[in-house]
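Chemist: pasting the sequence and the predicted coordinates here, then a few questions.
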Amino acid sequence: MISYLIKRVFQMVVVLWVVSIIVFTMMSFTGDPTYMMVPLDATEDEIANARMLLGLDKPYIVQYGIFLKNILGGDFGRSFVFRQPALGLIMERMPATVEMVLVAMTLALLLAIPLGVFAGAYPQKKTSRGIMAGSLLGISLPNFWVGMMLIFILAVRFNILPSSGRGDTLRMMGVNLSILTPDGFKHIILPAVTLCFSTLAILLRITRAGMMEVMKQDFIKFARAKGATFRSVLFKHALKNVLIPVVTIFGLQLGDLIGFATITEYIFAWPGMGKLLIDSIYMGDRPVIVVYLMFVAFLFVIINFTVDVIYTLIDPRIKLR
Amino acid sequence: MRYFKQSGCAVCVIALICLMLSPFAVEAAEKSIKIALTADAVHVDPQQGNELTSNIMFNHFYDTLVRRTADLSFVPGLAESWELKDDLTWVFKLRKGVKFHNGDELQASDVLFSIERCKNQLMSNLVRYIAEAKALDNYTVQIKTPKPYAVLHMDLSEFHILNEEYVKKVGDEQLNLKPMGTGPYKLVEWVKEDHMTLAAFEDYYLGSPKIKKVTFRPITNPATRTAALLTGEVDVIQDLAVRDADRIKANDKFNLITRPSLLNLVLALDYREKSPTINLPLNPMKDIRVRQAIARAIDVDTIGKVIMNGLATPSDQYVPSSHIGYVDGLNFRQEYPFDLEKAKALMKEAGYEKGFTMALDATNNRYVNDQDIAQALAGMLAKIGITVNLNLMPKSNFFGYIRVPSNKSSFIMSGWDTPSGDAGGMYNSMMYSRNKKKGYGQANRGAYASEEFDAWIDKADATPRVEERDKFLQEATKIAVRDIVLIPIHYEQDLYATRKNVDLKPRVDKFIWTFELDMK
C-alpha cells in the first residue's frame, strides 16, 4: 500500500509538471498578453511599465523558471487580468461548480442504475426499448440546446423555475451552498438536470450492456437454482459484477464535469470556475490557465486513485499495486 | 379529520400569500433594482483596468474631479471649478464637505495621492498628461501638464479619486475587493460571477440616490439575459441580443432602448512603399485613386442592413458630432459614395485594372458580427478586382499581431472608442507619423505620414484653449478624410431592455449609472 501511494504521488508530480510545460508552450503561441491589458493607444513606455508589472519583461524560459520556483514555495502565480493569486480565483469559484456537478452526478446515478438494470434484465420489453431510445437522445442532444430549451419552457413559458444564477446561499463549513435554501434549490435544478443528461445516458447504457452479459452467465443460473429471488439476483449477484466499468466511467465523468462544465455554467450564469477558464483563454491570462489545467489534472489523479480503491471494495480479487 | 386537512390547507395558502406579499411591501418603501450586465467586474480598483463592467462599478463607488454627463458634456464634479493659470498650469478648487463612505472628508491630499499612486499602476495612461501636482491648500490642487493640453479636464473625468488613508491601510489587494470612495453607492456584498449588491450612500454630495439598493448580475449568455428579463428576475439588461429586439419591442411590459455607441469600426490602409501582404514592388494603396476606389467599393448601408439588422449607424467621420474635432457638414459617405463603376474606373486609371491581392486582418470575437463584416468586405472588394484573403483571429492574438510596426499587415479592421469627447487622442495614436514624437503614432497601423496633418495636431496640442484646439483638429479631420487615412464603417448600436417601470436614459459612453436611473 505504502509503495503504491509513493508511486502514485510520484506519477502525479510528473503529470502536473508535464501539464505545466504543455500549457506554457501553448501559451507562447498566443501572442503577448500585455496588449490585452493596456489601452489601445498605450505608449511604448506605458506598455513597458505594464509588462514589468506583469513580470512579462523577462525571457520566456526565465518566466517558466520563476513559475516553477514559486510553486515549490506554494505560490501559484498571479492572474494578469485580475491581479490576484490564480489559485485563489479558482478556489473561490470551485464550490459552486462542485455543488452543481455533485447534484447532477447523484441524479444521474440514482436514475441510471435502476433503469440500466431494468433494461438489461428485460431487454425485450417495450419500456426497455423506450429507455434505450431516450438514452440515445441524452447522448446526442447538445448540452447548450437542452439548457436553452429548459430555460425557455420552464422559466420563460411557465415561470416555474428561475432561469439563471445561484439564488440564496447558506454558508456551511466555509463554503456557500445553494442546495440548503429553498430559493437556491430552485436555482440548482435546471443546471443540474442539464448537466446530468449525457452522464445519465452513458452510465445507463454501460449498466445495461454489463447486465445483459452477466445475466447469461452460469453463476446467475446457479443463484436462481438455489432459490434466490430474481430481485436479489439482479441487484446482489449481477449488479456487483457490472459495477467495475460503471465506477470507472463515473469517475472520469465526474472529473470531466468539474473541470469543464463551462457550457452549462455559461448558459445558466452559474458562478463556477469553468467560465473563468474560458475568460482566461480569451484574455490570454496564462497564470490562471496553467493553474486551472494543473488543478484539473490533479483532480483526475485523485479521482482515479479513489476509483482504484473502490475497485478493491467491489472485487476483493483486485489488489492495489 | 377531513375538515382538519382542509383548514390546514387554508392556513398554508394564507401563509403563502403573506410570504409573497411581504417583499412587495418592503419594495414600495424603498426602491431597489436588479441589473444584468454582460460580465462581472474584473476590478473595483479604478487604477487596475478599464473594461466596461469595471468602469461601470468605478462610477458607483468613486467620483472624478470633472463629471462627464450622459451626453458627453463636462461639468464640475469633486472639483467645483477650475481655471487655467497659464498655458501649463491648471488649478482645481475642490468642493468642501464631500464625504467618503467611511465619513472622512475629501482633501487635496487624497487627489495628490491618487495621482502619485496611478503612475506605477497598469492604468498609468490616466495620468499621462500630469507632469506635476501639488496642493495649494486643503481644497486646492494645482496640476502642471508637460505641454499645453486643452482637454485635461476631459481626461480627468476618467480619473477616480481614492482615499489616501484607506488605501494605505488596506493595501492594493484589499482595495481591489473592498472599494471605498465618495461615490453614490457602497459595496455590500460581492460574490464573484454571481452578484454584486450595492447600497445607497446617503451622504452623497449630489444628494441621496433615488434607488436604494442595486444588484448587478453578470449573465454572459445573451439568450439567458433576455430570459432573465422576461421572467422578471432582473429589471434591466445590457446588450440585448439583436435577434431578441423585435420580441421585446412587441411586448408592452418592456422598453427597448437603443443608441449609437462611440465605437467606430475603421479600416486602416497601408501607406508604406512596400506592403507586407501585397506581392508587388510598389504598394498600390500609395496611390490616392486606389484608396478612393476601395472607399467607393464598400457599401456601408448594405453591411448595416444585412449584417447588422439595421442596428448600426454608418459613420460620417472618425468621431461623432458631439466631439471636439468634428467638422459640421463633412460626410465621408458623401465624399466617397458607394459607386462600383466609378471605383472600377479609378482602379483602371491608377493602372490596377486587373487588381491585386492582399490580406485583411480582423478579429472574430471582438466587435459585433466582425467576422461577417470582414467576409462582406472581401466580397465587395472582389468586384473591383482586389482579392482579399481573410486573416481572422481571436482578440487575444489580434492586438499583438497588428501592433505597430504592423509589419505583417496591409489592411486592418479594428474599432476605436473615443469616450473622452475629443478626437485628439485618436488622431495622435492612429494617424500621426510614426516614430516622430514620443507618445504619437503608436497605433498608426497604416503608417500614414503627412507633414500637413502632423502640423495641425502639433498646433492642437500646443494650445491650452479648447476652441482653438477644436479648430485645429477640424483641419486635421478634413485632411484625414481627403487622404483616406482610415475608412470609417459604422458605429455599433447599444441596446438595452428594461421593464416598463424603469426610467433609463442611455449614456453615450455606455456606462450604466444607477444614480441617474429611476423607477416608477
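Modeler: On my side now, so go ahead. Residues are numbered from 1 along each chain as shown, chains lettered A, B, ... in the order given.

Chemist: now for residue A:240, how many residues are close by?
Modeler: 12 (other C-beta atoms under 10 Å in any protein chain shown). C-beta here means a position set from N, CA and C on the backbone, and glycine is covered the same way.

Chemist: contacts only, for it.
Modeler: Residues in contact with residue A:240 (C-beta atoms under 8 Å, 6 or more residues apart in numbering or on different chains) are residue A:314.

Chemist: in terms of helices and strands, where is it?
Modeler: Assessed by DSSP states H and E, residue A:240 sits inside helix A:239-259.

Chemist: tell me the helix or strand right after that helix.
Modeler: helix A:262-267.

Chemist: what's that next one packed up against?
Modeler: Secondary-structure packing of helix A:262-267 (3 or more C-beta pairs under 8 Å, 6 or more residues apart in numbering or on different chains; DSSP states H and E): helix A:86-121, helix A:143-150, helix A:182-214, helix A:274-283.

Chemist: and the first one, is it in reach of chain B?
Modeler: The one in question is helix A:86-121. Yes: using C-beta under 8 Å from any C-beta of the partner chain, helix A:86-121 reaches chain B at A:89, A:92, A:93, A:96.

Chemist: how far off centre is whichever helix or strand comes after that helix?
Modeler: Proceeding N to C from helix A:86-121, the next assigned helix or strand is helix A:126-140, under DSSP H and E. For helix A:126-140, the distance from its own C-alpha centre to the chain's C-alpha centre is 24 Å (C-alpha atoms, centre = their mean, to the nearest Å).

Chemist: what is helix A:126-140 packed up against?
Modeler: Applying 3+ C-beta pairs under 8 Å, 6+ apart, we find helix A:126-140 packed against helix A:86-121, helix A:182-214.

Chemist: keeping just the C-alphas, turn that helix into CSV.
Modeler: Output of helix A:126-140 as CSV, limited to C-alpha atoms (Å, rounded to 0.1, in the frame of the first residue of the first chain):
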residue,chain,number,x,y,z
LYS,A,126,-41.3,-2.1,-24.6
THR,A,127,-40.3,0.0,-21.6
SER,A,128,-36.6,-1.1,-22.0
ARG,A,129,-36.7,0.0,-25.7
GLY,A,130,-38.1,3.3,-24.6
ILE,A,131,-35.4,3.8,-22.1
MET,A,132,-32.7,2.9,-24.7
ALA,A,133,-34.2,5.3,-27.2
GLY,A,134,-34.3,8.0,-24.5
SER,A,135,-30.7,7.4,-23.6
LEU,A,136,-29.7,7.9,-27.3
LEU,A,137,-31.3,11.3,-27.1
GLY,A,138,-29.4,12.0,-23.9
ILE,A,139,-26.1,11.3,-25.6
SER,A,140,-26.8,13.1,-28.9
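
Chemist: how about the nearest residue to residue B:255, chain neighbours excluded?
Modeler: Using C-beta to C-beta, 6 or more residues apart in numbering or on different chains and skipping the chain neighbours, the partner closest in space to residue B:255 is residue B:498 (4.9 Å).

Chemist: please name every helix or strand in contact with whichever helix or strand that neighbour is part of.
Modeler: Here residue B:498 sits within strand B:486-499, counting by DSSP H and E. Strand B:486-499 sits against helix B:222-230, strand B:236-238, strand B:254-269, strand B:312-314, with contacts defined as 3+ C-beta pairs under 8 Å, 6+ apart.

Chemist: any idea of the mean pLDDT in it?
Modeler: Averaging pLDDT along strand B:486-499 gives 94.

Chemist: export the helices and strands packed on strand B:486-499 to a markdown table and tack on mean neighbour count and mean pLDDT?
Modeler: Listed next are the helices and strands packed on strand B:486-499 as a markdown table, based on neighbours: other C-beta atoms under 10 Å in any protein chain shown; pLDDT from 0 to 100:
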| stretch | mean neighbour count | mean pLDDT |
| --- | --- | --- |
| helix B:222-230 | 24 | 93 |
| strand B:236-238 | 25 | 94 |
| strand B:254-269 | 21 | 93 |
| strand B:312-314 | 20 | 93 |
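
Chemist: was I right about residue B:303 contacting residue B:488?
Modeler: No: in this structure, residue B:303 is not within contact of residue B:488 by C-beta atoms under 8 Å, at 12.0 Å.

Chemist: now do the residue nearest to residue B:255 against chain A, distance only.
Modeler: Counting by C-beta to the nearest C-beta, to the nearest Å, the gap between residue B:498 and chain A amounts to 17 Å.

Chemist: contacting residues for that residue?
Modeler: Residues near residue B:498 by C-beta under 8 Å, 6+ apart: B:229, B:235, B:236, B:237, B:254, B:255, B:257, B:504.

Chemist: can you read off the pLDDT for residue B:20?
Modeler: 47.

Chemist: hang on, the earlier thing: right, and the helices and strands packed on helix A:262-267 - which one's nearest residue B:207?
Modeler: helix A:182-214 (34.0 Å; C-beta to C-beta).

Chemist: in the closest one, what's buried?
Modeler: A:184, A:187-208, A:210-212, A:214 (16 or more other C-beta atoms under 10 Å in any protein chain shown).

Chemist: also stretch A:174-183?
Modeler: For stretch A:174-183, by 16+ other C-beta under 10 Å, it's A:176, A:177, A:178, A:179, A:181.

Chemist: could you dump those to a markdown table with secondary structure, distance to chain B and pLDDT?
Modeler: What follows is the buried residues of stretch A:174-183, written out as a markdown table (DSSP: H, G, I helix; E, B strand; the rest coil; distance: C-beta to the nearest C-beta, whole Å; pLDDT from 0 to 100):
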| residue | secondary structure | distance to chain B | pLDDT |
| --- | --- | --- | --- |
| A:176 | strand | 7 | 84 |
| A:177 | strand | 12 | 87 |
| A:178 | coil | 10 | 87 |
| A:179 | coil | 15 | 87 |
| A:181 | coil | 14 | 90 |
